[in-house]
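Asks: here's a sequence, model it:
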Amino acid sequence: MIFIALMALLSIWALVDVARTPAEMVTAPGKLPWALLVVVPAIGPLAWMFGGRRDTPLPTAVPVRPVAPDDDPDFLRGLDDHPED
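Replies: Next up, the predicted model:
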C-alpha cells in the first residue's frame, strides 16, 4: 500500500515538474509526450528525473556581429588608441 502511494506521489510530482519546466529546458520529444509518460508508474517519473530536463536551456541565436558601432567592443577599444587633435 505504501509503495503504491509513493509511486502516485512521484508521478504527481513529475507531472507538476513537467508542467512548470520551461519548454527550452525539456529534452526531446517535448512536454506533452513527457507529461503522458510520467503517469506510467515508476518508469515515467524516473525517466523524467534522469533524462527529461536539461541542466541549461538551449542556446539562443546570437547576432553574428554587433548591431551598431557603440555595441562593438573592438570599435570602442580603437577609439582610445587615437589621441585627440
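
Asks: pull the contacting residues for the residue lying closest to M7 once chain neighbours are set aside.
Replies: Nearest non-adjacent residue to M7, counting by Cβ to Cβ, 6 or more residues apart in numbering: P41, 4.5 Å away. Every C-beta, even on glycine, is put in place using the N, C-alpha and C of the backbone. Residues near P41 by Cβ atoms under 8 Å, 6 or more residues apart in numbering: M7, A8, S11.

Asks: out of those, list just those in helices.
Replies: Within these, residues falling in helices by DSSP state H are M7, A8, S11.

Asks: list the contacts for the second one?
Replies: If I follow you right, that is A8. By Cβ under 8 Å, 6+ apart, the neighbours of A8 are P41.

Asks: sorry, back to before: quick one, phi psi at the residue nearest to M7?
Replies: Main-chain dihedrals, P41, degrees, to the nearest 10: phi -60, psi 140.

Asks: helix or strand right after the strand or helix carrying V16?
Replies: In this structure, V16 is located in helix 2-20 according to DSSP states H and E. In the C-terminal direction, the helix or strand that comes right after helix 2-20 (DSSP H and E) is helix 31-37.

Asks: picking up where we left off before, closest to K31 among the contacts of P41?
Replies: In terms of Cβ to Cβ, no member of the contacts of P41 lies closer to K31 than S11, at 15.8 Å.

Asks: surely that closest one meets V39?
Replies: Yes. Assessed by Cβ atoms under 8 Å, S11 is found in contact with V39 at 5.6 Å.

Asks: which one of these two has more residues nearby?
Replies: S11 (18 against 13; other Cβ atoms under 10 Å).

Asks: if we can go back for a sec, flag every buried residue along the helix holding V16.
Replies: By neighbour count on 16 or more other Cβ atoms under 10 Å, the buried set for helix 2-20 is M7, L10, S11, A14, L15, D17, V18.

Asks: now do stretch 35-50
Replies: Across stretch 35-50, burial judged by 16+ other Cβ under 10 Å covers A35, L37, V38, G44, P45, W48.

Asks: list just the nearest of those to F75.
Replies: The closest of those, once distances to F75 are taken by Cβ to Cβ, is W48, at 47.1 Å.
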